[in-house]
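[1] Turn this into a model:
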Amino acid sequence: MFPFQIRPDEIIGEIQTFNSKLAQGLHTLSGIGDIEVGVSPKEVVYQEDKLVLYRFKPRTKKQNPVPVLIVYALVNRPYMADLQDGRSIVQGLLDAGLDLYLIDWGYPDGGDRFLTLDDYINGYIDRCVDVLRKNHNVDKINLLGICQGGTFSCCYSSIHPDKIQNLITTVTPIDFHTKDDLLSHLVRHVDIDLFVDTLGNVPGELLNWAFLTLKPFRLMGQKYMDLVNLLDDTDKARDFMRMEKWIFDSPDQAGEAYREFMKHFYQENGLVKGTVKIGNDTIDLGKITMPVLNIYAAQDHLVPPDASRALEGCVGTDDYTEIEFPGGHIGIYVSGKAQKLIPPAVGDWLAKRT
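    From the prediction side, this is the model:
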């Protein structure tokens, strides 16, 4: 005996309902129009090669006098932090009175094949930091790193502690060999030299596919089945397409920088071991003596909490603060809970250390 009965008329009814929703969905999607992202007004203040440095228009009269530079990851596009009105960490930080800048890395091409981590960290980031220091007539700025950009920010703060007043990291990998880091386990079995020597720049589509396969049912099957139930609501359908646009907007990765990051960070776990070299400098996280705020996501499948929390045992500062966000890697930027929790916490933390 089956624990339940399958009635043909119910099956037919479900199929008809599903087809009706699909038909309605085609009508909804055809009327959505262009998908807009990156909603906060901003101006270009510096450009170099593919890089563009933006400054966001303030949203408050009173501002923290020390500017904040957001360093995003090289993977995907930084408008995730400013996705749409009401779902924007950038808006929240501006409302918290921060003077906010952001690095947009652009889209690397064949001419960027041999860019190294030294070029990104001691080159691009350092020159952007100097732009802020000059524009605001300050010796030190605040640095906010997102994911891989947080790892870069830690490396930069270790090399140039004289230029950073406060360091903020969000969903940032530090220990790349934690037990629950599925991406790390996969990468350790890849011949990175052969990979890069064969491909040159690493296609963004290939990396995106690898990220999606970490949760294949949820990210490649279930969400599209769930979409059918949203297609009668134009706003919800537009929100879904906005996320899809970001997910599949994946820049290629400069080959040499990718090689270094995968080998020295993921495979060798050199950041916590103190063996990573950026240019002529060996990265010693103990040289991070400025205040540190580390924000991680409890349900993060890309940067597990333990991988991020490892920062506390590595830095040389006594002023270390952690915030656990009850969500995932992306939810920390776009969810309603994140908008209420993260920006005010960052604003208050910085205000106490200005």
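[2] just so I have it, where are all the helices in the stretch 1-150 of the chain?
    8-30, 89-95, 117-118, 126-136, 148-159 (DSSP state H, counting those that start in this stretch).
[3] For the second one, which outside residues touch it?
    Helix 89-95 is contacted by residues 39-40, 56-60, 68, 70, 81-82, 85, 100, 102, 333, 338-339, 342-344, 346-347 when judged by CB atoms under 8 Å, 6 or more residues apart in numbering. (Glycine included, C-beta is placed from N, CA and C.)
[4] quick one: low-confidence parts of the stretch 201-350 of the chain?
    214-230 (pLDDT under 70).
[5] where do the strands sit along it?
    277-278, 281-282, 292-297, 320-325 (DSSP state E, counting those that start in this stretch).
[6] Worst mean pLDDT among the helices of the stretch 1-150 of the chain?
    Comparing mean pLDDT across the helices of the stretch 1-150 of the chain, the weakest is helix 8-30, with a mean of 62.
[7] possible to save the strands of the stretch 201-350 of the chain as TSV with mean neighbour count and distance to L207?
    Formatted as TSV, those follow (neighbours: other CB atoms under 10 Å; distance: least, CB to CB, whole Å):
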stretch	mean neighbour count	distance to L207
strand 277-278	17	22
strand 281-282	14	27
strand 292-297	24	20
strand 320-325	16	24
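[8] In a markdown table, list those along with distance to S308.
    Output for the strands of the stretch 201-350 of the chain, formatted as a markdown table (distance: least, CB to CB, whole Å):
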| stretch | distance to S308 |
| --- | --- |
| strand 277-278 | 20 |
| strand 281-282 | 22 |
| strand 292-297 | 4 |
| strand 320-325 | 9 |
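[9] residue contacts, the nearest residue in space to P251 that is not next to it in sequence?
    Computed as CB to CB, 6 or more residues apart in numbering, the closest residue to P251 that is not its neighbour in sequence is Y107, at 4.6 Å. Listed by CB under 8 Å, 6+ apart, the contact set of Y107 reads K50, P251, D252.
[10] so how far is L51 from Y107?
    Remark: distance between Y107 and L51 (CB to CB, to the nearest Å) = 11 Å.
[11] The nearest residue to Y46 once chain neighbours are set aside: neighbour count?
    Distances taken as CB to CB, 6+ apart place L53 nearest to Y46, at 3.9 Å, with adjacent residues excluded. L53: 21 surrounding residues under other CB atoms under 10 Å.
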